[in-house]
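> Let me see the structure of the following:
(one chain, ligands or ions: 2)
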Amino acid sequence: MKTRIVIVAGLILTNFFVNFAVATQEKLVIAHRGASGYLPEHTLEAKALAYGMGADYIEQDLVLTKDDVPIVIHDIHLETTTDVVEKFPGRAREDGKFYAIDFSLAEIKRLRVNERIRSGSGKAVFPERFPLGLSSFRVPTLAEEIELIQGLNRSSGKNIGIYPEIKSPGWHRSQGKDISKIVLKILKKYGYADQSSLAYLQCFDPDELKRIRYELNSQLKLVQLLGENRWGQDYANINYAHLQTKEGLAEIAQYANGVGPWMQQVLKGKGEDQFKISSLVKEAHAAGLVVHPYTFRADALPKYVTSLEQLLKIFYFDLGVDGVFTDFPDRAVKYLDQKN
Ligand code: G3P
Ligand code: CA
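Ligands and ions are numbered 1, 2, ... in the order given. Coordinates of the predicted model:
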């Protein structure tokens, strides 16, 4: 892995004295769903591109098929990123959604992946990205994606990590499936089993992460994702407000190695002339946790910046986060290289 060592000099001013705090930190670029700013998310093509662009870690969101195979896809349903509606009419549930868990891997392999579309309108969520309907992309399995990354590690001599996420563990359980157990088995088979593994395993559900650590006895590096209750079903019953407090972060540090906050949980916005910053990064670091916020997109910038690079500067260097999830890994790699 290409290491980026950055010297961070911080000035701490108190009423009585001045201290200079100097630390060394490795700043990570995590390819969010691959190089998804350029190619449809969670395709092997998007992952290979992210690899070539120099990402340190490549992300896999994981959902199970009917025959218990972890596939790399963001949603538990298929219609927002594939042509399932045309290929399998009549296979939706009563709510109109086509759930991956109702399809065998053989069926899912018949689907073509497209840029994410809005359900209803069918329009691209990011209209300036890869065009709808062009070329041909498939849904990869976790094993296929690991083999791609490990194969590239061998052929390039680099050592790039994986960053899998267990999606909706409670929902999988309600359908009679233990996704974490199945995923951990595959990770172990490919050599990801302890703290030294080039892998972070992430989840929004703290109970599932505790279960992964204590019941399933995983020694992997774990990351507690932080969401918002208003985002809906998977997030509604988790006390994310508490998890962001000093006490909550200390609890997370008992079972996890890091936190993945939503960008706005770190930087809440901008007042008249200064940023509104939460204490999350400072307190997470004090608890011994790394901080990897999401999601940095050149085509969906917060109002308070005018470029992705400005946003990266604020988060990497002013706020001191340890890594970022980005759809544009090339831009983050270039930015960090220029800082060195
Ligand atoms: O896992 C980090 C980030 O990807 C969380 O959001 O919804 O894109 O999985 P999401
Ligand atoms: Ca994710």
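> This structure: strands as residue ranges?
5-13, 18-26, 28-31, 57-64, 70-72, 161-166, 200-203, 221-226, 258-261, 267-270, 275-277, 290-291, 323-326 (DSSP state E).
> what's the most buried one of those strands?
Neighbour counts (mean count of other C-beta atoms under 10 Å) averaged over each of these peak at strand 28-31, with a mean of 28. Quick note: C-beta positions are derived from backbone N, CA and C, even for glycine.
> Run through who's touching it.
Contact partners of strand 28-31, identified using C-beta atoms under 8 Å, 6 or more residues apart in numbering, comprise 47, 50-51, 53-59, 163, 292, 322-326, 329, 332-333, 336.
> Same check on stretch 234-245?
Stretch 234-245 has contacts (C-beta under 8 Å, 6+ apart) with 168, 170-171, 204-206, 224, 226-229, 248-249, 251-252, 259, 261, 265, 278, 280, 283.
> So which of the residues you listed belong to helices?
Counting by DSSP state H, the part of the contacts of stretch 234-245 found in helices is 170-171, 206, 248-249, 251-252, 265, 280, 283.
> Against L62, how distant is A143?
To L62, A143 is 11 Å away according to C-beta to C-beta, to the nearest Å.
> Can you spell out which residues form a bridge with the residue in the stretch 151-300 of the chain that ligand 2 sits nearest to?
Residue of the stretch 151-300 of the chain nearest ligand 2, by C-beta to the ion: E165 (4.2 Å). For E165, the beta-bridge partners under DSSP bridges are D61, Q202.
> Let me know whether it touches I58 as I believe.
No. Using C-beta atoms under 8 Å, E165 is not in contact with I58, being 11.8 Å away.
> Quick check: the farthest pair among the ones in helices among the contacts of stretch 234-245?
Across the ones in helices among the contacts of stretch 234-245, the longest distance by C-beta to C-beta is 30.7 Å; it joins W171 and E283.
> that older thread, if any of the contacts of stretch 234-245 are buried, put those into a ChimeraX selection.
In ChimeraX, selecting the buried portion of the contacts of stretch 234-245, with burial taken from 16 or more other C-beta atoms under 10 Å, looks like this:
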select :168,171,204,205,206,224,226,227,248,249,251,252,259,261,265,280,283
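> What residues does the stretch 201-340 of the chain have near ligand 1?
For the stretch 201-340 of the chain, the contact set with ligand 1 under C-beta under 6 Å from any ligand atom comprises 202, 225, 260, 294-295, 325.
> where does the chain have low pLDDT?
Low-confidence segments of the chain (pLDDT under 70): 1-25.
> Where is the longest helix in it?
helix 142-156.
> Contacts for it, please.
For helix 142-156, contacts defined as C-beta under 8 Å, 6+ apart pick out 44, 47-48, 51, 58, 60, 62, 70-72, 140, 158-160, 162, 164, 183, 186-187, 190.
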